[in-house]
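model this:
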Amino acid sequence: QVQLVESGGGLVQAGGSLRLSCSASGRTVSDYTMGWFRQAPGKEREFVGRISWSGGITYYADSVKDRFTISGDNAKNTVYLQMNSLKPEDTAVYYCAASALSRPTITRQYDVWGQGTQVTVSS
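Got it, this is the predicted structure:
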């Protein structure tokens, strides 16, 4: 079983950038599809994007497309979420997750979760 730890969250002004990291241990992330989700106060956890290690294929929610980019580093067993042009509505706790499926987009399709990292975007 893989264990996931997110880092890189913080406070940023609107229009700024942050890069989140998701470090995996216990098993290589190349065995999984890695996803990013976020949850704002009082809202359900929502899908942000995912990366499939076979071919490095990425897929994003419409709300973040063209602003966020997911990438991975096999050598470091780490997945990244680069967030640009941040908006106040991007404020949430961001989670990375691992799935054994090839194209998972909902929470119940993911088997392992990190503890989350807070991202706050001020206006």
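
To what extent is the nearest residue to residue 101 once chain neighbours are set aside buried, counted in neighbours?
Nearest residue to residue 101, sequence neighbours excluded (Cβ to Cβ, 6 or more residues apart in numbering): residue 109, at 5.4 Å. Yep, even glycine has a C-beta here, placed from its N, CA and C like the rest. Here the number of neighbours of residue 109 (other Cβ atoms under 10 Å) works out to 16.

Work out the gap between stretch 72-82 and the centre of the chain.
Relative to its chain's centre, stretch 72-82 lies at 11 Å (Cα atoms, centre = their mean, to the nearest Å).

hey, where'd the strands end up in this protein?
Using DSSP state E, the strands assigned to the chain run over residues 3-7, 10-13, 18-25, 33-39, 46-52, 57-60, 68-73, 78-83, 92-99, 112-113, 117-122.

Adding distance to residue 105, mean neighbour count and mean pLDDT as columns, could you present these in a markdown table?
Shown next, in a markdown table, are the strands of the chain (distance: least, Cβ to Cβ, whole Å; neighbours: other Cβ atoms under 10 Å; pLDDT from 0 to 100):
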| stretch | distance to residue 105 | mean neighbour count | mean pLDDT |
| --- | --- | --- | --- |
| strand 3-7 | 18 | 17 | 96 |
| strand 10-13 | 26 | 13 | 98 |
| strand 18-25 | 17 | 19 | 95 |
| strand 33-39 | 8 | 24 | 97 |
| strand 46-52 | 5 | 21 | 96 |
| strand 57-60 | 8 | 15 | 95 |
| strand 68-73 | 13 | 18 | 94 |
| strand 78-83 | 16 | 22 | 96 |
| strand 92-99 | 10 | 23 | 97 |
| strand 112-113 | 15 | 18 | 96 |
| strand 117-122 | 20 | 17 | 98 |
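
Perfect, that will be all.
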